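**Q** Let's see this in three dimensions:
(one chain, ligands or ions: 4)
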Amino acid sequence: MPLRTLYNMAQNKPLVQKLLASSYTAATKAGKIIRDIMSAGELGIVEKGINDLQTEADRSAQCCIISNLTREFPKVTIIGEEGQSQCDLPSDWVVPDGDAEILGKQCPEEYLNVKDEDIVVWVDPLDGTSEYTQGLLDHVTVLIGLSVKGRAVGGIIHQPYYNYKSVKNTEGRTMWGLVGMGVGGFTPLDAPKDKLIITTTRSHNSPVVVQTLEALKPDEVVRVGGAGHKVLLVLEGQAHAYLYPSSGCKKWDTCAPEGILEAAGGKLVDVHGDHYDYHKEVEHPNTRGILATNRTVDNAALLKKIPESVVSKFPKKQKV
Ligand SMILES: Nc1ncnc2c1ncn2[C@@H]1O[C@H](COP(=O)(O)O)[C@@H](O)[C@H]1OP(=O)(O)O
Ligand SMILES: [Mg+2]
Ligand SMILES: [Mg+2]
Ligand SMILES: [Mg+2]
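**A** Ligands and ions are numbered 1, 2, ... in the order given. Now for the predicted structure:
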């Protein structure tokens, strides 16, 4: 599409739709940066804490996403996993346009009057850092979540190494979703009937995770890295549920996955069945655990199977 036409199309669109379209192209560019750093082989690993790494790919991908979005949406709050530090955006990391397919959609009415101050964007520039450093590259995703008035309503999951044959032979894929508008970049699939497949952490296991899995009696447990990757398995019906009774995940790990999953008819809640809040003052850790389910799964019925001795370890959401 000619650039001028795309520019004019974007001008007339509501803020949420423009943000989603620009997040799509920023996440896709971040995925290219992540691949380039792996190919060059200098990962620049820093230990942020116990079992908590950061690489040059995390830092550069965040620089690309936050600089591009801030340039276009200076009044929107954007919170990234790797902190607030300023960075110089190289000219070849600039993404001038949003995704044309998203800009071409009809925006649902509920977003027409949303203002800059109603929105918080949660950025995880590289989810699955531990797996990235170990060469489990298909576990890696780039997550950009959009929240409106505290609720996760949509976002982007970009998978830089989708179906990769070799580090140099892939383009990745970019998935999007917005509650009320739908999803794109993938096909949501049902989970198999008469079976229970649960995906959970591979790098942050704990006795509580093991105890909870035993109580749910799944037919299969799929241990993979990354919150984004596990929600992808749920979205595409390779798992019925993603269960993580732990407080390790943060708001940037769940905002995009929750928004896209709910746009596809699924659900992501804490172990009490409540949604997380995503407004700008909220604490970053998801202290109440995670249960995400495929659109065919009864989320409440699974929640009931989590033992009370586990549920009671987690605080209940404060009602305002
Ligand atoms: N204890 C923890 N410390 C830091 N990050 C965590 C922790 N537990 C989970 N995470 C984040 O949540 C994601 C999903 O966790 P897991 O793979 O263990 O299920 C991880 O990839 C990591 O995100 P990130 O890689 O962006 O730092
Ligand atoms: Mg991290
Ligand atoms: Mg993460
Ligand atoms: Mg990360």
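**Q** hey, let's count contacts and neighbours off CA atoms from now on
**A** OK.
**Q** Which pLDDT value belongs to the residue lying closest to residue 54 once chain neighbours are set aside?
**A** Nearest-residue entry for residue 54: residue 46, 5.2 Å, with adjacent residues in sequence omitted and distances by Cα to Cα, 6 or more residues apart in numbering. Here, the pLDDT recorded for residue 46 equals 97.
**Q** repeat for residue 11
**A** On the pLDDT scale, residue 11 gets 77.
**Q** Tell me how many other residues surround the residue of the stretch 1-150 of the chain found nearest ligand 3.
**A** Nearest to ligand 3 in the stretch 1-150 of the chain, going by Cα to the ion, is residue 127, at a distance of 3.8 Å. Using other Cα atoms under 10 Å, residue 127 is surrounded by 25 other residues.
**Q** Would you confirm that it contacts residue 137?
**A** No. Between residue 127 and residue 137 there is no contact under Cα atoms under 8 Å: 10.8 Å.
**Q** Could you pull out the buried residues of the host helix or strand of residue 34?
**A** Assigned by DSSP states H and E, residue 34 falls within helix 15-40. Within helix 15-40, the residues that count as buried by 16 or more other Cα atoms under 10 Å are 15-35, 37-38.
**Q** give me the subset of those residues touching ligand 1.
**A** Among the buried residues of helix 15-40, no residue is within reach of ligand 1 (Cα under 6 Å from any ligand atom).
**Q** how many other residues sit next to the residue nearest to residue 195 when sequence neighbours are not counted?
**A** Leaving aside its sequence neighbours, residue 195 sits nearest to residue 219 (Cα to Cα, 6+ apart; 6.2 Å). By other Cα under 10 Å, 10 other residues sit near residue 219.
**Q** correct me, but residue 219 touches residue 197?
**A** Yes. Taking Cα under 8 Å as the definition, residue 219 is a contact partner of residue 197 at 5.9 Å.
**Q** That's all I had, so thanks and see you.
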